[in-house]
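S.K.: model this:
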Amino acid sequence: MPENELKDFLDSKVLQYNTLDFIEPDPISVPHRYTLKEDIEIAGFLASTIAWGNRKMITKNGHRMMDLLGNSPYDFVMEHREDQLQQLEGFVHRTFNATDFAYFIKALKHIYTVHGGLERVFTTYQTEDSLQPAIEHFHELFFEIPHQLRTRKHVANPAKGSVAKRINMCLRWFVRNDNNGVDLGIWKDINPSKLSCPLDVHSGNVARKLGLLTRKQNDGKALLELDSSLRILDKNDPVKYDFALFGLGIFEGF
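M.R.: As a prediction, this is how the structure comes out:
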């Protein structure tokens, strides 16, 4: 497909799927519960952390996480006592369990108390054209306090070749303002042009069929290739095409 036709096709799919109808069944509905910036950040980060597997179950468990935090995630993170973490017992989403959940609460408090919050970390460590180095730094800071080794797998590290799909999705939510009320756009000091597409099996397969991606593995090199292709189509807002790739893969079986 010629580049101009491909762009027109994908732009039409963005318009089709980047709408308010996208919110309710998607994990992004979890941070949409809140108006306080820090509540949105914590809700979004936790919901995106468990975003693998069945979409309906991801969304359900994301909302359950907020219920367990008393529907005030920032207050819970900053004010919790050790004994209050016991109320998280029994939570599980695939391999993410109550032990991981409790550590995430402690680590988030550390991030907000010592490092100025999630936005400060990613803003500080962004580079001229990428947020991947910032994800690497975030991984390091998130595990500064004592933790079980099992929990490290739940925060991706691009330095290890990971595509960091879930964090890239979370960053899309926070950075991108789509003017349609889907992505939240609460972070103002990071340019959307630096975002990377949340690459997974579905978006990767669609991207390959469209000629946007040639690498067969879904790894860091594939993410770089896909990002380069999407930035040719729209250098200012490349990850809007995540909606197109997702929709074509999930809803249309492309």
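S.K.: show me where the stretch 51-200 of the chain has its helices.
M.R.: 55-68, 73-79, 98-114, 118-125, 132-142, 165-175 (DSSP state H, counting those that start in this stretch).
S.K.: so who does the nearest residue to T127 once chain neighbours are set aside touch?
M.R.: Leaving aside its sequence neighbours, T127 sits nearest to P133 (CB to CB, 6 or more residues apart in numbering; 5.3 Å). The C-beta positions use only the backbone N, C-alpha and C, and glycine is treated the same way. Applying CB atoms under 8 Å, 6 or more residues apart in numbering, we find P133 in contact with Y125, Q126, T127, P158.
S.K.: quick check: pLDDT value at the second one.
M.R.: Translated: Q126. Looking at Q126, its pLDDT is 98.
S.K.: go on, the one 3 residues further on?
M.R.: pLDDT, the model's per-residue confidence, is 96 for D129.
S.K.: the one 3 residues further on now?
M.R.: The score at Q132 is 97. That number is its pLDDT.
S.K.: ok, the one 3 residues further on next?
M.R.: In the predicted model, I135 carries a pLDDT score of 98.
S.K.: just the helices of the stretch 51-200 of the chain: most buried one?
M.R.: Mean neighbour count (mean count of other CB atoms under 10 Å) peaks for helix 165-175 among the helices of the stretch 51-200 of the chain, with a mean of 25.
S.K.: that one packs against which elements?
M.R.: Helices and strands touching helix 165-175, as assessed by 3 or more CB pairs under 8 Å, 6 or more residues apart in numbering; DSSP states H and E, comprise helix 37-49, helix 118-125, helix 132-142.
S.K.: and these as a markdown table, adding distance to G220?
M.R.: Below are those laid out as a markdown table (distance: least, CB to CB, whole Å):
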| stretch | distance to G220 |
| --- | --- |
| helix 37-49 | 19 |
| helix 118-125 | 17 |
| helix 132-142 | 8 |
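S.K.: between these, which one is nearest to R176?
M.R.: helix 37-49 (12.2 Å; CB to CB).
S.K.: which outside residues touch that closest one?
M.R.: Residues contacting helix 37-49 (CB under 8 Å, 6+ apart): 27-28, 30-31, 33-34, 58-59, 62, 65-66, 72-74, 77, 96, 104, 108, 112, 117-119, 154-155, 166-167, 169-170, 173-174, 184, 186.
S.K.: per-residue pLDDT, the nearest residue in space to F138 that is not next to it in sequence?
M.R.: Leaving aside its sequence neighbours, F138 sits nearest to V121 (CB to CB, 6+ apart; 5.3 Å). On pLDDT, V121 comes in at 98.
S.K.: what's the local residue count around E144?
M.R.: 12 (other CB atoms under 10 Å).
S.K.: make TSV from the helices of the stretch 51-200 of the chain and add distance to E38 to it.
M.R.: As requested, the helices of the stretch 51-200 of the chain are arranged in TSV below (distance: least, CB to CB, whole Å):
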stretch	distance to E38
helix 55-68	13
helix 73-79	4
helix 98-114	7
helix 118-125	8
helix 132-142	16
helix 165-175	12
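S.K.: where does H202 fall, secondary structure wise?
M.R.: According to DSSP states H and E, H202 maps onto helix 201-209.
S.K.: let me see the mean pLDDT of that helix.
M.R.: 96.
S.K.: now it against helix 165-175, angle please.
M.R.: Counting by axes from the mean of the first three to the mean of the last three CA atoms, to 10 degrees, helix 201-209 lies at 90 degrees to helix 165-175.
S.K.: now the helix or strand following helix 201-209: how far from the chain's centre is it?
M.R.: Using DSSP H and E, the helix or strand that follows helix 201-209 towards the C-terminus is helix 220-233. Relative to its chain's centre, helix 220-233 lies at 17 Å (CA atoms, centre = their mean, to the nearest Å).
S.K.: tell me the mean pLDDT over helix 220-233?
M.R.: For helix 220-233, mean pLDDT rounds to 98.
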